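Asker: I would like the atomic coordinates for the input below:
(one chain, ligands or ions: 2)
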Amino acid sequence: MGNFVRTLSDRACVVASDTTWMEDAAVAQLVTTSQLEGMRRVAGMPDLHPGRGYPVGAAFFSVGRFYPALVGNDIGCGMALWQTDLKAASVSLDKLDRRVGNIDGAMEDEALRMQAMTVHGVAPGAHDASLGTIGGGNHFAEFQQVDTVFDADALSALGIDAKRLLLLVHTGSRGLGERVLRSHVDTFGHRGLVDGTPEAEAYLAQHGAALRYALCNRELVAQRLLANVRADGQRVLDVHHNFVAPAQMLGATGWLHRKGATPSDQGPVLIPGSRGDHSYLVQPLAISDDTLHSLAHGAGRKWIRSACKDRLFKLMTPTQMGRTVLGSRVICNDRQLIYEEAPQAYKAIDSVVQALVGAGLVALIARTKPVLTYKTRGECCE
Ligand SMILES: Nc1nc2c(ncn2[C@@H]2O[C@H](COP(=O)(O)O)[C@@H](O)[C@H]2O)c(=O)[nH]1
Ligand SMILES: [Mn+2]
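Answerer: Numbers count the residues shown, from 1 in each chain. Ligands and ions are numbered 1, 2, ... in the order given. Down below sits the predicted model:
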């Protein structure tokens, strides 16, 4: 693995190259988590960046207890990739933009929603109306186009036709996950839950429901968009990057938490850059205990949200921000969010993916570029 997996302590490492943007504050948060009771190992991915108390872009393995606060409030957030039947060469951006429409509000097709809820085991509840919606922050849906193929066999094994558009959906469990974390922290604070206790079982049941909700949500967002643009589609992959699961590694049975970390033990995954950068479809290679069976889940933030508008608004208007250097279009009518999610706010995806390649963790299958990114048609969302 060369020097791409850097040891921080006997329990902590970070995957990075010399060119990977890595903030000291994020590394400090990572090392702090390694000192939590029962924590055996923590691994920062190249997209590591500071979070609210705990870092994002990392995996954590503990024994005897687990920590819901490490997973955060967007339980089950993840990336779903769909193959569409739309020909990339003949796509008209104006037409696609018009047809995509507005998916900010609740779904009108209640039968489709109910059917998906049944398939995914989602019980009816207070958050039903959010199913099929993206939510705020850095959630998005994006039509993409393959622009470089590195491994044609692996691409066709996934059922991907490089000439047709792909649809990437990034969202999670919306208000449900937030409610689960809030009620947990209100009662138990940040001290974690001991294996096998009724409190641990109760959290895991709610966490499981949030994972199912998140999968169902990504599927409905994709179905809704496909119906709007009058296309057919097939799901290629759907992978959570915020969750905790029982795991055996490092000679122990314990709990693997992922907060903005993509599993390396569930087949190929797509690692997105930003709305103005490429994404990479990769094949995980080594399933390494050292790096906790995990990969980067994106490029990772470079700038905090509150700094973005001040840095960019004199350089670019919101209308200019709606076009990217890769020729793609962005639907984001929220004038604050369009700056907060600017490509400049994220690390360069090439440096992140190169660190994973250098560490021997992935092989490249294909690179994609954005065509049309959907954030929100409204002034605000969530
Ligand atoms: N292709 C796009 N990638 C994007 C966009 N906005 C964010 N991102 C990437 O996704 C991850 C998600 O991070 P998370 O912590 O919220 O799960 C982020 O690190 C970026 O690399 C986009 O509009 N298009
Ligand atoms: Mn996410």
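Asker: What parts of this structure come near ligand 1?
Answerer: 47, 56, 77, 138, 140, 142, 170, 241, 260, 272-275, 279, 297-300, 341, 346, 370, 373 (C-beta under 6 Å from any ligand atom). For glycine as for every other residue, the C-beta is placed from the backbone atoms N, C-alpha and C.
Asker: again, only using 8 Å
Answerer: Within reach of ligand 1 by C-beta under 8 Å from any ligand atom, the chain has these residues: 47, 56-57, 74, 77, 79, 137-140, 142, 144, 168, 170, 172, 241-242, 260, 271-275, 277, 279, 297-301, 330, 341, 346-347, 349, 370, 373, 375.
Asker: Quick check: Ala152 vs ligand 1, distance?
Answerer: Using C-beta to the nearest ligand atom, to the nearest Å, Ala152 is found at 23 Å from ligand 1.
Asker: oh, and call the first residue 12 from now on, that's how I've got it
Answerer: That works, and once the first residue is 12, the last one we named lands at Ala163.
Asker: Can you get me a residue count around that residue?
Answerer: Ala163: 12 surrounding residues under other C-beta atoms under 10 Å.
Asker: Centre-most residue in the protein?
Answerer: Gly89 (4.2 Å; C-alpha atoms, centre = their mean).
Asker: Isn't it up against Arg269?
Answerer: No. Counting by C-beta atoms under 8 Å, Gly89 does not reach Arg269; the two are 9.9 Å apart.
Asker: re the thing from before, among the residues of the chain next to ligand 1, name the ones in helices.
Answerer: Counting by DSSP state H, these place Ile360 in helices.
Asker: Return a selection command, for use in ChimeraX, containing the buried ones of the residues of the chain next to ligand 1.
Answerer: Buried residues within the residues of the chain next to ligand 1, by 16 or more other C-beta atoms under 10 Å, are selected in ChimeraX with:
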select :58,67,68,85,88,90,148,149,150,151,153,155,179,181,183,252,253,271,282,283,284,285,286,288,290,308,309,310,311,312,341,352,357,358,360,381,384,386
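Asker: Local confidence estimate at the residue of the chain found nearest ligand 1?
Answerer: Here the chain gets closest to ligand 1 at one residue, Gly309, 2.6 Å apart by C-beta to the nearest ligand atom. Note on Gly309: pLDDT of 98.
Asker: Phe324 now?
Answerer: 89.
Asker: Let me see the contact set for it.
Answerer: Contact partners of Phe324, counting by C-beta atoms under 8 Å, 6 or more residues apart in numbering, are Tyr350.
Asker: Mind listing the residues bridging to the residue nearest to the centre of the chain?
Answerer: Thr182, His251 (DSSP bridges).
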